[in-house]
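Chemist: Let me see the structure of the following:
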Amino acid sequence: MRKALTAAVVAIFVVVPGASQAASSFDDLVANLKSPNVRTRLEAATALGKTRRAEAVTPLAAAIRSEPEAKVRQEVVRALRVLRDLNAVPALVAAMSDVEGDVREEALGTLVELYADRERQGAVSKFLQMFSDEYDQPAPAPFTPVEASVYHAMAQALHDERKEIREEAAFAIGILDGRSATGDLVQTLQDPEPAVRGAAATSIGKVGTSTDGQRLIPLLADENATVRNRVLQAIGALRVPSAGPALREMFEANRRKESAVRILDALSKVGDPAQADLFREIVKDPDPEKKRLAIEGLGRVSDASLLSAFKKDFQRERNDDLRLAYSFALVRLGDHDFLDSIVLGLTSSTAGKRCRDYLLEVGPSVLSDIYPYLNDQDANIRAELCDIIGAMGDEASITWLDPLVKDPSPKVADRANRAIERLRRHGGPAAGR
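Modeler: Residues are numbered from 1 along each chain as shown. A predicted model of the protein is given here:
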């Protein structure tokens with residue numbers, strides 16, 4: 001018994017000093033940020049990031065402004081990246097004005113990671129380009145509004161002396177929904193570096209309007225193929241009808257080249273009625289991809305008088321992708337009975353994304369027709385519809401989503417809950433422009 005008590009007392013004295021040492025260790029790290037030894041300051045910054053302690057933000061933020069060595073300032077930014085605390089934003093914005101380019105670049109990448117809630121692997125430039133190309137729309141995380149100072153700093157970075165930082169800033173503005181910087185992106189279309197022009201075009205496609213998209217039309221003749229491709233994507237996303245003639249000329253010049261499908265895709269999306277004759281011609285093309293784009297294009301520019309002919313073509317068509325395109329065109333022309341094919345196709349591994357895009361494009365006009373599908377026996381369909389309604393619905397949609405918060409499928413319940421929260425925040429459609 002006496003031995004047991006002695007052991008307990010010893011254990012207490014072992015544990016308590018250990019806790020005291022941990023506390024003083026953190027204080028020592030903070031003190032080491034002011035050491036006269038550069039290596040000590042560098043190691044202290046790294047270690048403070050690894051502590052994952054929120055109180056590490058304040059001394060690290062101070063170091064960004066006072067640290068004389070660029071490599072230590074860069075390490076401080078990396079430490080703030082590891083901490084992933086939005087309280088570090090003012091310090092990171094300050095770092096974007098650093099005299100050293102590597103520090104500015106690290107701060108830019110860190111800000112995107114913080115607000116988009118994505119963790120990068122590897123170089124900042126690769127991360128931002130891949131992230132930007134992955135999503136057609138901006139992708140900031142919910143519940144974390146981006147501070148105006150961040151957009152201002154990124155707009156300033158569009159004029160950075162380093163071309164890679166200008167490119168990264170352009171991508172970042174699109175990723176973080178920087179609509180306030182759209183004018184700066186438009187000006188960046190004149191940048192001498194193709195990669196910068198291309199990044200600006202991609203982000204204008206995310207945050208700009210159809211009017212902004214008109215400024216992209218001259219770049220369809222850009223000498224750089226990557227720029228042209230990014231411009232095509234952006235013009236299609238913004239649905240710029242005035243781009244129709246230039247796109248048609250571009251298509252005719254490349255009709256027999258691989259780029260023809262990419263050009264036709266943009267032409268199909270812009271909704272220029274003057275291109276209907278071309279679409280009617282291409283509907284007869286043996287290439288199913290071109291034919292699909294022509295069907296979609298006709299659905300966007302034709303009138304209801306074509307409904308009867310489209311229904312016949314739908315019935316005669318055997319290709320599932322083309323039948324789906326006809327369904328979209330028929331819905332666009334006003335026949336909502338064909339929504340069934342699109343909704344049921346949401347879970348397809350090959351056509352699911354297209355079905356989602358179709359529904360988002362036709363927009364709120366079909367909400368009343370898709371609400372009943374929230375009772376579909378397929379949980380995957382219910383889950384997908386929660387996302388879609390959350391993107392294009394309004395406050396009235398919450399009544400339909402509420403029961404699904406108690407859905408037996410955890411996936412459906414989670415998505416319904418997220419959709420409701422999104423609608424409460426925005427109070428109206430979030431999709432489209």
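Chemist: hey, where'd the helices end up in the stretch 201-350 of the chain?
Modeler: Secondary structure of the stretch 201-350 of the chain (DSSP state H, counting those that start in this stretch): helices at 210-214, 225-238, 244-253, 259-270, 276-282, 288-301, 307-316, 320-332, 339-344.
Chemist: Domain parsing of this protein, as residue ranges.
Modeler: 24-95, 118-238, 242-333, 335-433 (automatic domain parsing).
Chemist: could I get these as a markdown table with mean pLDDT and distance to Gly101?
Modeler: From N, CA and C alone the C-beta is placed, and that goes for glycine too. Below are the domains of the chain laid out as a markdown table (pLDDT from 0 to 100; distance: least, CB to CB, whole Å):
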| stretch | mean pLDDT | distance to Gly101 |
| --- | --- | --- |
| domain 24-95 | 94 | 9 |
| domain 118-238 | 90 | 5 |
| domain 242-333 | 94 | 34 |
| domain 335-433 | 91 | 35 |
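Chemist: returning to what we had before: same list (the helices of the stretch 201-350 of the chain) but as a markdown table, adding distance to Glu100 and mean neighbour count.
Modeler: Converted to a markdown table, the helices of the stretch 201-350 of the chain look like this (distance: least, CB to CB, whole Å; neighbours: other CB atoms under 10 Å):
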| stretch | distance to Glu100 | mean neighbour count |
| --- | --- | --- |
| helix 210-214 | 33 | 18 |
| helix 225-238 | 29 | 22 |
| helix 244-253 | 42 | 18 |
| helix 259-270 | 40 | 22 |
| helix 276-282 | 53 | 17 |
| helix 288-301 | 48 | 22 |
| helix 307-316 | 61 | 14 |
| helix 320-332 | 51 | 22 |
| helix 339-344 | 52 | 19 |
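Chemist: Of all those, which one comes closest to Ala107?
Modeler: Set against Ala107 and scored by CB to CB, the helices of the stretch 201-350 of the chain come closest in helix 225-238, at 25.2 Å.
Chemist: And that closest one, how far out from the chain middle?
Modeler: 16 Å (CA atoms, centre = their mean, to the nearest Å).
Chemist: what does that helix rub up against?
Modeler: 136, 194-195, 197-199, 201-202, 204-206, 208-210, 212-213, 216-217, 219-222, 243, 247, 262-263, 265-266, 268-270, 433 (CB atoms under 8 Å, 6 or more residues apart in numbering).
Chemist: Excluding chain neighbours, what is closest to Pro288?
Modeler: Nearest residue to Pro288, sequence neighbours excluded (CB to CB, 6 or more residues apart in numbering): Asn319, at 5.8 Å.
Chemist: returning to what we had before: quick one: closest of the domains of the chain to Arg104.
Modeler: Arg104 sits nearest to domain 118-238 of all the domains of the chain, at 5.9 Å, using CB to CB.
Chemist: measure the closest one end to end?
Modeler: Length of domain 118-238, first residue to last, CA to CA, to the nearest Å: 26 Å.
Chemist: Could you do stretch 186-195 as well?
Modeler: 14 Å.
Chemist: Once you drop chain neighbours, what's closest to Tyr373?
Modeler: For Tyr373, the closest residue by CB to CB, 6+ apart turns out to be Val343, at 5.1 Å.
Chemist: next one: Ala276
Modeler: Going by CB to CB, 6+ apart, Ala276 has Val301 as its nearest residue, at 5.1 Å.
Chemist: can you tell me how far the one you found sits from Val77?
Modeler: Using CB to CB, to the nearest Å, Val301 is found at 50 Å from Val77.
Chemist: And for Ile389?
Modeler: 40 Å.
Chemist: go on, Tyr326?
Modeler: Tyr326 sits 53 Å away from Val77, going by CB to CB.
Chemist: Ser259 too?
Modeler: Taking CB to CB as the measure, Ser259 falls 41 Å from Val77.
Chemist: How about Arg120?
Modeler: Distance, Arg120 to Val77, using CB to CB: 13 Å.
Chemist: Compare neighbour counts for these two and give me the winner.
Modeler: For the pair Arg120 and Val77, the greater number of neighbours falls to Val77 (30 against 17), based on other CB atoms under 10 Å.
Chemist: which residues touch the more buried one?
Modeler: Counting by CB under 8 Å, 6+ apart, Val77 touches Ile64, Leu92, Ala95, Val103, Glu106, Ala107, Thr110.
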